[in-house]
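# Sequence and computational prediction follow.
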Amino acid sequence: MVARSIHDNSERKDSLFVKADCARQSSNFIDSEFFGHEKNAFTGTYSQKIGEFEFADGGTIFLDEVGELPMELQGRLLRVIEDEEFERVGGNETVHVNVRVIAATNRNLKHMIGIGEFREDLYHRLNVFEINNPSLLERFEDLNLLVPMFVEKYAKKVGKTIKSIPSDVYEAIKAYHWPGNIRELRNALFSAVILSENCELSCENILELSPTISVGKSTSADAIQEHLSKSFPEVEKEMILGALKRCNWVNDQASNILDIPSNTLRDKINKYIIQELIDNKWDIDRCAQTFEAPAKIVDSNAKKHLARTLKKQNWNLDKVRDILKIPLDVLNKLIKKYNLNPPNS
């Protein structure tokens, strides 16, 4: 919504606004979608394809979930931004474009740079002007605009007329954590419109999201205040860990419940586990007990994070020890346990 608004209110508004999803499955697929391909570039390509950057020439391209972009494509993206040119997959002709690039992510790119998963030069090239988009929990005052807007949009889409929205709906929305942010709210309201049988918006599915709410009782205000007293990271962590426990720590099931990409969920799980390990001097069993998680999941995250940090710091154990807040004897034991070896050893 923010990216579209920037485009619509700029001198580029008469040209195309193109949304590009960086969380697509394979690097080859993203490469072809971004930059297009020539005929016979690879199996099954029987004609030339124009990519999203070429379509957006003169307009705006919105890179959604840019933190999910594979490393092997980040260099090509950097070149397009800096030089405004690229070649289609399988081609030699250089294509020149003039495109405004807007990128969004809910991942911590600085952390990703530190562990070697995101290019620092690309980060600085993208981060010319940063807009922090507040979460839904931080802007409940916008509900009086957002809720009617989404209800009207989806009512038209399904051919219904919704004339009233019960106050219970707003009460329930304010009491829920909304880990999926605006997207989850939008989907919940779409479902409510579909379930509505008359001119009043159905609130059954939204009330089910907030089991602590009992409409008409004084406890609902207390529940709302309890939720609002927590910071967004606290609420997000609580919801993510709750979903993981309900799904027995099956990532794909939990990501469906939370309505967030599985890669994003894995990144957040790693963040929580590593912080807990640091707080407990890398006691893996204690960390697993705290999260009620299988020890093998904690162990796997610990191994991957340790391996990345060792590589990033060129196996300088003093630096690794300081970064991970890990006692040297524990660090050496984990290196031996995970059978990690420096390059060319």
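Looks like it came in fine. Numbering: from 1, shown residues only.
# quick check: mean pLDDT across stretch 54-62?
Stretch 54-62 shows a mean pLDDT of 93.
# Run the chain-centre distance for that stretch.
Computed by CA atoms, centre = their mean, to the nearest Å, the chain-centroid distance of stretch 54-62 equals 23 Å.
# buried stuff in it?
Residues of stretch 54-62 classed as buried by neighbour count (16 or more other CB atoms under 10 Å): 54-57, 59-62. Placement of C-beta: from N, CA and C, glycine included.
# Poorly predicted segments of the stretch 151-300 of the chain, please.
For the stretch 151-300 of the chain, the stretches with pLDDT under 70 are 205, 207-233, 235.
# same thing but at 90, please
153-163, 166-300 (pLDDT under 90).
# Show me the helices in it, by range?
Assigned helices in the stretch 151-300 of the chain, in chain order: 167-175, 181-195, 204-209, 219-228, 232-246, 251-258, 262-279, 284-291, 295-312 (criterion: DSSP state H, counting those that start in this stretch).
# any idea which of the ones you listed is most buried?
Of the helices of the stretch 151-300 of the chain, the one with the most neighbours on average (mean count of other CB atoms under 10 Å) is helix 167-175, at a mean of 20.
# Now do that helix against helix 181-195: the angle between them, please.
Between the axes of helix 167-175 and helix 181-195, defined by axes from the mean of the first three to the mean of the last three CA atoms, to 10 degrees, the angle is 150 degrees.
# Residue nearest the middle of this structure, spatially speaking?
In the chain, the centroid-proximal residue (CA atoms, centre = their mean) is Asn106; its distance is 4.2 Å.
# Which residue, neighbours along the chain excluded, lies closest to that residue?
Thr264 (6.1 Å; CB to CB, 6 or more residues apart in numbering).
# Could you verify my assumption that the one you found touches Arg107?
Yes. Between Thr264 and Arg107 there is a contact under CB atoms under 8 Å: 6.3 Å.
# Name all residues that sit in contact with those two at the same time.
65, 67-68 (CB atoms under 8 Å, 6 or more residues apart in numbering).
# quick one: which of the buried residues of stretch 54-62 is nearest Arg321?
Phe62 (41.4 Å; CB to CB).
# and that closest one, helix, strand or coil?
Recorded secondary structure, Phe62: strand (DSSP: H, G, I helix; E, B strand; the rest coil).
# ok so, going back, in JSON lines: the shared contacts of Thr264 and Arg107, plus secondary structure and neighbour count.
Output for these, formatted as JSON lines (DSSP: H, G, I helix; E, B strand; the rest coil; neighbours: other CB atoms under 10 Å):
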{"residue": "Glu65", "secondary structure": "coil", "neighbour count": "20"}
{"residue": "Gly67", "secondary structure": "helix", "neighbour count": "23"}
{"residue": "Glu68", "secondary structure": "helix", "neighbour count": "19"}
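# give the contact list for the residue nearest to Asn106.
With the criterion set at CB under 8 Å, 6+ apart, Thr264 makes contact with 65, 67-68, 106-107, 255.
# separation between Thr45 and Phe17?
The gap separating Thr45 from Phe17 is 27 Å, by CB to CB, to the nearest Å.
# More neighbours: which of these two?
Phe17 (19 against 15; other CB atoms under 10 Å).
# what's that one sitting at in phi/psi?
phi -110, psi 120 (degrees, to the nearest 10).
# tell me the domain boundaries of the chain?
As recorded under automatic domain parsing, the domains making up the chain are 2-126, 136-228, 233-337.
# from the middle of its chain, how far away would the longest one be?
I take that to be domain 2-126. 17 Å.
# re earlier: out of the shared contacts of Thr264 and Arg107, which one sits closest to Gly90?
Glu68 (24.4 Å).
# ok, the closest one to Ser27 distance?
11 Å.
# repeat for Leu195
From Leu195 to Ser27 the distance is 41 Å (CB to CB).
# One more: Asp252?
From Asp252 over to Ser27 (counting by CB to CB), the distance is 21 Å.
# And Thr45, by the same measure?
16 Å.
# same thing with Ile274?
26 Å.
# Many thanks, have a good one.
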